[in-house]
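S.K.: Need coordinates for the below:
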Amino acid sequence: MGTSCFCRLCCCWISSNSASRPLPPPPPSPPAAAAYLPCPHMEPQPEAHRSSHPRLPYADADCTLRALAAGAEGFGRHAVGGLHGALYYVTSLQDDGYGTLREACRAKEPLWIVFEVSGTIHLETYLRVSSHKTIDGRGQRVKLTGKGLQLKDCHHVIVCNLEFEGGRGHDVDGIQIKPNSTNIWIDRCSLADYDDGLIDITRQSTDITVSRCHFARHDKTMLIGADPTHVGDRCIRVTIHHCFFDGTRQRHPRLRFGKVHLYNNYTRNWGIYAVCASVEAQIVSQCNIYEGGEKKTVFKYMPEKAADREETAAGSIRSEGDAFLHGALPCLVDGPGVESVFRPEDYYDKWTMEAPSPALKEVIQLCAGWQPVPRPPDC
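M.R.: A predicted model of the protein is given here:
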């Protein structure tokens, strides 16, 4: 197949919405500083080749089951998950025992984990995921509640098309990635309402991509970098793209020490700020949509003192081609640190990005989070 199920589904949804009800009229033109602007580092397309629909990443990811392996964009692009393992079929929604997700995740050998059942798995304790696993929720609707996934000292893990909701307890995150975990891809998941974070990436975990995820009904959404004493977190590298931060209060993300590349995300109605640069953070924000609600501050700087430094300082943010809507205020700080922020092209040579637009905003809302896509064939 030349076109993925995901792309066909999204196009179908867009057509269906257009047919059943007229699209809302475009908002009044904002001031020049808040308008949709051309995106940097992109070749302008001739008028004849422009499409009315945004370009989406992962056009072939749903053609075959294992096309996800090493398919991520960004820093997590080398994650292969359970590519070289057998299929494991989850047949039970119990917390533990034969045929459960927990049984599969603690296995030492590589596994590609799929589900034969839909429903809710109530976790009594964190579900620890061992290396070389793909947890693939396509073809079913599976929700994890109670606790979350723990990716601890593991490598090459892919988590795709799951829901996480209602995690309770001290330090309970939807997906907790620490310590020393590498080559991770979190794709097309819906996360809401946990007592701590929705996704936390700390303690020298690196080379991670978070894509096409929907975050809602939450306060401290995504922390990257543990605290100012963990100077080893300088190694952290994370890409976040095509995600929908839907009214979550803060941390989209909050970063300490590491490098984060944000592109083509839609963040709206935050409660404190959108993105935060703490100690030694380097953030590149490209072609994202920031839509203010009651709070308007997009970028916030929080000075801290690293354990091995004398001075207190915040990190740096470089914004390129971002759209600031409904009064959103960039609040960017210029200075020599901005010029030293990393360049994504020095780490990977391609990613799917386009200028912000009303069409991009709509398609992110439709296509981020869990999707009713069928499980592709394993061929």
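
S.K.: end-to-end on stretch 74-83?
M.R.: With CA to CA, to the nearest Å as the measure, stretch 74-83 spans 19 Å from end to end.

S.K.: Specify the residue positioned farthest from the middle of the chain.
M.R.: Going by CA atoms, centre = their mean, the residue of the chain most distant from its centre is residue 310, 33.7 Å out.

S.K.: and stretch 307-319, how far apart are its ends?
M.R.: By CA to CA, the extent of stretch 307-319 from end to end equals 28 Å.

S.K.: tell me the mean pLDDT over that stretch?
M.R.: In this model, stretch 307-319 carries a mean pLDDT of 95.

S.K.: residues of that stretch that come out buried?
M.R.: Neighbour counts over stretch 307-319 (16 or more other CB atoms under 10 Å) mark 313-319 as buried. Where you see a C-beta, it was placed from the backbone N, CA and C, and this is true even at glycine.

S.K.: List the beta-bridge partners for the most centrally placed residue in the chain.
M.R.: Among the residues of the chain, residue 210 comes closest to the average C-alpha position under CA atoms, centre = their mean, at 2.9 Å. As for beta bridges, residue 210 partners with residue 186, residue 240 under DSSP bridges.

S.K.: Surely residue 94 touches residue 117?
M.R.: No: in this structure, residue 94 is not within contact of residue 117 by CB atoms under 8 Å, at 10.4 Å.

S.K.: In the stretch 51-200 of the chain, what residue spans correspond to helices?
M.R.: In the stretch 51-200 of the chain, the helices defined using DSSP state H, counting those that start in this stretch lie at 101-105.

S.K.: Sketch out the strands for it, chain order is fine.
M.R.: Here the stretch 51-200 of the chain has its strands, by DSSP state E, counting those that start in this stretch, at 86-90, 111-115, 119-122, 127-128, 133-136, 142-146, 149-151, 155-160, 163-167, 175-177, 182-187, 190-194, 199-201.

S.K.: closest to residue 251 out of those?
M.R.: With CB to CB as the measure, strand 199-201 is the member of the strands of the stretch 51-200 of the chain nearest residue 251 (9.4 Å).

S.K.: Now do that closest one: everything it contacts.
M.R.: Outside strand 199-201, the residues within contact range by CB atoms under 8 Å, 6 or more residues apart in numbering are 173-178, 186, 191, 208, 210, 213, 221-225, 236, 238.

S.K.: ok now that strand, how far from the chain's centre?
M.R.: 10 Å (CA atoms, centre = their mean, to the nearest Å).

S.K.: Could you spell out the sheet neighbours of it, each with its direction?
M.R.: strand 175-177 (parallel), strand 222-224 (parallel).

S.K.: will you turn those strands into TSV that also has mean neighbour count and distance to residue 128?
M.R.: Shown next, in TSV, are the strands paired with strand 199-201 (neighbours: other CB atoms under 10 Å; distance: least, CB to CB, whole Å):
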stretch	mean neighbour count	distance to residue 128
strand 175-177	27	10
strand 222-224	28	20
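
S.K.: Nearest approach to residue 334 belongs to which of these?
M.R.: Across the strands paired with strand 199-201, residue 334 has its closest neighbour in strand 222-224 (23.3 Å, CB to CB).

S.K.: per-residue confidence averaged over that closest one?
M.R.: Rounded mean pLDDT across strand 222-224 is 98.

S.K.: swap in stretch 94-114?
M.R.: 98.

S.K.: what about it, start to end distance?
M.R.: The first residue of stretch 94-114 is 15 Å away from its last residue (CA to CA).

S.K.: for it, which positions count as buried?
M.R.: Buried residues in stretch 94-114 (16+ other CB under 10 Å): 95, 100-105, 107, 110-114.

S.K.: ok, now how distant is the residue farthest from the centre of the chain from residue 379?
M.R.: Using CB to CB, to the nearest Å, residue 310 is found at 59 Å from residue 379.

S.K.: Ok, residue 65 next?
M.R.: Residue 65 sits 8 Å away from residue 379, going by CB to CB.

S.K.: Compare those two and say which is more crowded by neighbours.
M.R.: Using other CB atoms under 10 Å, the more surrounded residue of residue 65 and residue 379 is residue 65, with 19 against 7.

S.K.: Residue 158 is in contact with the more buried one, correct?
M.R.: No: with contact defined as CB under 8 Å, residue 65 and residue 158 do not form a contacting pair (11.4 Å).

S.K.: Find residues that contact each of these two.
M.R.: With CB under 8 Å, 6+ apart, residue 65 and residue 158 have common neighbours residue 136.

S.K.: pLDDT weak spots in the protein?
M.R.: 1-52 (pLDDT under 70).
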